[in-house]
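Trainee: Would you be able to build a 3D model of this:
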Amino acid sequence: MNKRNLALIDAKTTLVGLLATPIKHSITPAMHNLGYTISGLNYAYLAFDVGTDKLRETVEGLKAMGAAGFNVSMPNKIDVQQYVDELDESARLAGASNTVVHKDGKLIGYNTDGLGYVKNLEEHGVQLEGMKVTLVGSGGVAASIAIQLVQAGIKELSIFARNDKFFANAKANMSCINQEMKDYGVSTNVFPLEDDEAFRKEIAGSAILAHCTSLGMKPLHEWSVLDGLTDVLRQDLIVTDVVYNPRKTKLLAQAEAAGAKAINGLGMVLWQGALSYKLFTGEEMPMKEIKAIIFGEGY
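Mentor: Take a look at the predicted model:
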């Protein structure tokens, strides 16, 4: 295997970045840079603490510098779409992009979150065909996961979102599925997260509870979407969280205590990263080695 020292950055090194805030918790730079080192690719992946207020200037700067592209995380996944030249169908349907590729002078937006989530479930032996899913969230990650779940063959989707200014995002996601993706035949409805009665009813009929918000990640690690509602948990329910730091959120601890299957966001971040890695480099990410070195035991 052709290995190179990552410190040997030169004038031919290709830049890739991550735009998000907060960003210190992210393992994405380490994951990509390790992949470049193992594969002998002359790339360097840097993290930039950028919010929506400086997003346009940063995107323009990376394009001007000839970066191969960049990943986008909270809170930029929706706003970044107005600064790219084209959108792949994955990003267009989700209304959000987590990956932007610079190719032939154009910025092309993609979304690998949803497929990364589904691949993580498949790796854990979860069968999605014909299932009903209750999903919590209205941001870019939630939208991408909802779209990919539909494409994976689920039969019904119930979306819960806070009844605030972001509730419209969840309704737009529902409309996209019910209209643009109607050929999949998936029944989709949106409910306010504050409606405990509806929440209990929908989870009771669901095989999977998909939590797709930042609740559970520091500084919100002491809270769970199921606080006061843990009686909805049961042994045959699968509970997933997009949060990977901490590895076991309060939600997942509650699920395990009730005997439910709990799946954290580590696999999702690895898979979505592998998909982005290939878009940036044209090469497959060395996933086996990255799992062993970065994720370690208990992945």
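Trainee: Show me the shaky parts of the chain.
Mentor: Flagging of the chain using pLDDT under 70 yields the residue ranges 1-7, 297-299.
Trainee: Could you chop it up by domain?
Mentor: With automatic domain parsing as the criterion, the domains of the chain are listed as 14-111+269-295, 114-264.
Trainee: Columns mean neighbour count and distance to residue 8 on top of those, output as TSV?
Mentor: Just so you know, the C-beta spots here come from the backbone N, C-alpha and C atoms, and that holds for glycine as well. Shown next, in TSV, are these (neighbours: other CB atoms under 10 Å; distance: least, CB to CB, whole Å):
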stretch	mean neighbour count	distance to residue 8
domain 14-111+269-295	19	8
domain 114-264	19	30
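Trainee: Contacts only, for the residue nearest to residue 51 when sequence neighbours are not counted.
Mentor: Distances taken as CB to CB, 6 or more residues apart in numbering place residue 21 nearest to residue 51, at 4.5 Å, with adjacent residues excluded. Listed by CB atoms under 8 Å, 6 or more residues apart in numbering, the contact set of residue 21 reads 49-51, 74-75.
Trainee: Look up phi and psi at residue 21.
Mentor: The phi and psi values for residue 21, taken as degrees, to the nearest 10, are phi -160, psi 130.
Trainee: need the strands for this protein, in chain order.
Mentor: 14-20, 43-49, 69-72, 86-87, 99-103, 106-110, 132-136, 156-161, 187-192, 208-211, 238-241, 261-263 (DSSP state E).
Trainee: Any chance of CSV for those, columns distance to residue 198?
Mentor: Formatted as CSV, those follow (distance: least, CB to CB, whole Å):
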stretch, distance to residue 198
strand 14-20, 32
strand 43-49, 38
strand 69-72, 32
strand 86-87, 33
strand 99-103, 34
strand 106-110, 33
strand 132-136, 10
strand 156-161, 8
strand 187-192, 5
strand 208-211, 14
strand 238-241, 18
strand 261-263, 23
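Trainee: partners of residue 161 in the sheet?
Mentor: residue 192 (DSSP bridges).
Trainee: Does it touch residue 168 like I think?
Mentor: No - between residue 161 and residue 168 there is no contact under CB atoms under 8 Å: 9.0 Å.
Trainee: any common contacting residues for these two?
Mentor: Taking CB under 8 Å, 6+ apart as the contact criterion, residue 161 and residue 168 have no common neighbours.
Trainee: residues touching residue 215, list them.
Mentor: 223-225, 243, 251.
Trainee: what's the distance between it and residue 84?
Mentor: With distances taken as CB to CB, to the nearest Å, residue 215 is found 29 Å from residue 84.
Trainee: what's the answer for residue 203, then?
Mentor: Distance from residue 203 to residue 84, by CB to CB: 37 Å.
Trainee: centroid residue for this protein?
Mentor: residue 113 (3.6 Å; CA atoms, centre = their mean).
Trainee: My guess is that one contacts residue 147. True?
Mentor: No - Residue 113 is beyond contact range of residue 147, at 9.5 Å (criterion: CB under 8 Å).
Trainee: Could you report the neighbour count for residue 13?
Mentor: Other residues within reach of residue 13, judged by other CB atoms under 10 Å, total 13.
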